[in-house]
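Trainee: give the three-dimensional model of this entry:
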Amino acid sequence: MNPGDKKTAVPCPTCGKPVILSEASKWRPFCSERCRLIDLGDWLDESHRISEPLDDHAEKEYPD
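Mentor: Here you go, the predicted structure:
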């Protein structure tokens, strides 16, 4: 077996089902279109969001 032949499996971000990361996995990193759409809906209704920076430098106002 060549190192390039090794398959990597990751859990689906929505349901946790293992997904093989390959060109054959159409919805990667999701296991299905359904899980992909559930995740998209969570971003659209703001259940998922990117946090603001936590360091003190980001909170300081800099003069123009």
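Trainee: and the contacts of stretch 24-42?
Mentor: Val10, Cys12, Pro13, Thr14, Cys15, Lys17, Pro18, Val19, Leu21, Ser22, His48 (C-beta atoms under 8 Å, 6 or more residues apart in numbering). (C-beta placed from N, C-alpha, C; glycine too.)
Trainee: cutoff 10 Å now
Mentor: Residues outside stretch 24-42 that contact it (C-beta atoms under 10 Å, 6 or more residues apart in numbering) are 7, 9-22, 47-49.
Trainee: residues in contact with stretch 15-22?
Mentor: The contact list for stretch 15-22 (C-beta under 10 Å, 6+ apart) reads 7-13, 25, 27-32, 34-35, 38.
Trainee: can you get me the start-to-end distance on it?
Mentor: Stretch 15-22 has its terminal residues 19 Å apart, counting by C-alpha to C-alpha, to the nearest Å.
Trainee: which of the residues in that stretch are buried?
Mentor: Val19 (16 or more other C-beta atoms under 10 Å).
Trainee: using neighbour counts, trim the contacts of stretch 15-22 to the buried set.
Mentor: Cys12, Pro13, Phe30, Cys31, Cys35.
Trainee: on that earlier part again, just the contacts of stretch 24-42: which are in strands?
Mentor: Ala9, Val10, Pro11, Pro18, Val19, Ile20 (DSSP state E).
Trainee: hmm, back to that, widest-spaced pair of the buried ones among the contacts of stretch 15-22?
Mentor: Pro13 and Cys31 (9.4 Å; C-beta to C-beta).
Trainee: show me the contacts for the spatially most central residue of the chain.
Mentor: Computing the C-alpha centroid of the chain and ranking residues by C-alpha atoms, centre = their mean puts Pro13 first, at 6.3 Å. Listed by C-beta under 10 Å, 6+ apart, the contact set of Pro13 reads Val19, Pro29, Phe30, Cys31, Cys35, Arg36, Ile38, Asp39, Asp42, His48.
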